[in-house]
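Chemist: A predicted structure for the sequence below; I have some questions about it.
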Amino acid sequence: MNQPQVKQFVIVPPVDIRESILMRGERLTAWLQRTFPAYAFRLERRSPLDAAAFQVIPIMSAGRVGDAIVMCEAPAPGLVKSIREACESFVADMGQGLSA
């Protein structure tokens with residue numbers, strides 16, 4: 001059975017800069033969308049973990065409410081790491097919007 005690829009990710013900013021990132025969330029998600037055009041991103045305010053790094057959580061099911069649940073194939077090795085590194089570079093590069 002062919003499973004669809006993961007196409008969506010939830011991004012949870014680190015605790016210490018979460019509010020700053022969330023205030024500029026549209027810039028980060030737009031930048032991620034341009035950097036990874038095959039994927040969709042959503043920022044989340046809450047997390048079960050108070051992590052010091054960005055959390056990148058793949059959405060592993062396809063479909064809508066009421067549809068049958070279809071499990072997606074796990075993301076390619078290194079993709080989550082690449083997305084996390086892109087989030088960190090967004091913060092490091094003040095030209096990406098955190099100084100505005």
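Modeler: Received it, and whenever you're ready, just let me know what you need.
Chemist: any weak-confidence spans in the protein?
Modeler: Low-confidence segments of the chain (pLDDT under 70): 1, 50, 62-68, 92-100.
Chemist: can you pull out the helices in it?
Modeler: 18-23, 25-35, 79-92 (DSSP state H).
Chemist: out of those helices, which gets nearest to residue 11?
Modeler: With Cβ to Cβ as the criterion, residue 11 lies closest to helix 79-92 of those, at 6.3 Å. For the C-beta atoms, the positions are set from N, CA and C on the backbone; glycine is no exception.
Chemist: not counting the closest one itself, show me its contacts.
Modeler: For helix 79-92, contacts defined as Cβ atoms under 8 Å, 6 or more residues apart in numbering pick out 9, 11, 13, 17, 21, 28, 31-32, 35-36, 39, 53-54, 56, 58, 96-98.
Chemist: could you redo the last one with a cut-off of 7 Å?
Modeler: 9, 11, 17, 28, 31-32, 35-36, 53-54, 56, 58, 96, 98 (Cβ atoms under 7 Å, 6 or more residues apart in numbering).
Chemist: again with stretch 25-42
Modeler: Contacts of stretch 25-42 (Cβ under 7 Å, 6+ apart): 7-11, 21, 43, 83, 86, 90, 96-97.
Chemist: looking at those, which one is closest to residue 49?
Modeler: Closest to residue 49, out of all of those and judged by Cβ to Cβ, is residue 10, at 12.5 Å.
Chemist: dump the residue contacts of that closest one.
Modeler: Neighbours of residue 10 in contact, by Cβ under 7 Å, 6+ apart: 42, 44, 57, 59.
Chemist: what is the burial count for the closest residue in space to residue 52 that isn't next to it in sequence?
Modeler: Sequence neighbours aside, residue 14 is the residue nearest to residue 52 in space, at 5.4 Å (criterion: Cβ to Cβ, 6 or more residues apart in numbering). Using other Cβ atoms under 10 Å, the number of residues around residue 14 comes to 17.
Chemist: quick check: residue 14 vs residue 69, distance?
Modeler: 31 Å (Cβ to Cβ, to the nearest Å).
Chemist: now residue 41
Modeler: 21 Å.
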